[in-house]
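In: Quick one, fold the following:
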Amino acid sequence: MQRGAPPTVPTPFPALNHWLNGGWSPGELIYLGARPAVGKTAFGLMCARHAAMTAKKSVLIVSREMPNVSLARRLVAQDGQIHAGALKRAELNDVQMRDLGASLERLSTSPSG
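Out: Next up is the predicted model:
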């Protein structure tokens, strides 16, 4: 108690941080579960990216639903605000290619990169 509150890693969602008393606590193992196609992977990637990029923490993502290449593609699409389908089909215009390059650069400098 004398050392104060333990450090937390905030999520990108202020209301969730409130309910989690500041964010994720060190050593926690978080499971996301819900019906198919309700955004578990997108939510998990958003939280992981926020922890890596904002809080400079290393993260591990394990998915029983998607292979690693699909997770990486979704993460890059999310970070670069690129349509995931266009990225998967390799149908990017010049602006999207620029955004893709910027996203890859940002993500490669994160602690988990």
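
In: from here on, contacts and neighbour counts on C-alpha atoms
Out: Fine.

In: how much space between Ala84 and Ser103?
Out: For Ala84, the distance to Ser103 equals 13 Å [C-alpha to C-alpha, to the nearest Å].

In: my bad, should have said Ala55
Out: Taking C-alpha to C-alpha, one finds Ala55 at 18 Å from Ser103.

In: of these two, who's got more company?
Out: With neighbours defined as other C-alpha atoms under 10 Å, Ala55 and Ser103 compare such that Ser103 has more, 19 against 16.

In: Now the more buried one. Nearest residue, chain neighbours left out?
Out: Gly80 (5.0 Å; C-alpha to C-alpha, 6 or more residues apart in numbering).

In: One more: Asp99?
Out: Gly80 is the one closest to Asp99 (C-alpha to C-alpha, 6+ apart), at 5.4 Å.

In: helix/strand/coil for Gly27?
Out: coil (DSSP: H, G, I helix; E, B strand; the rest coil).
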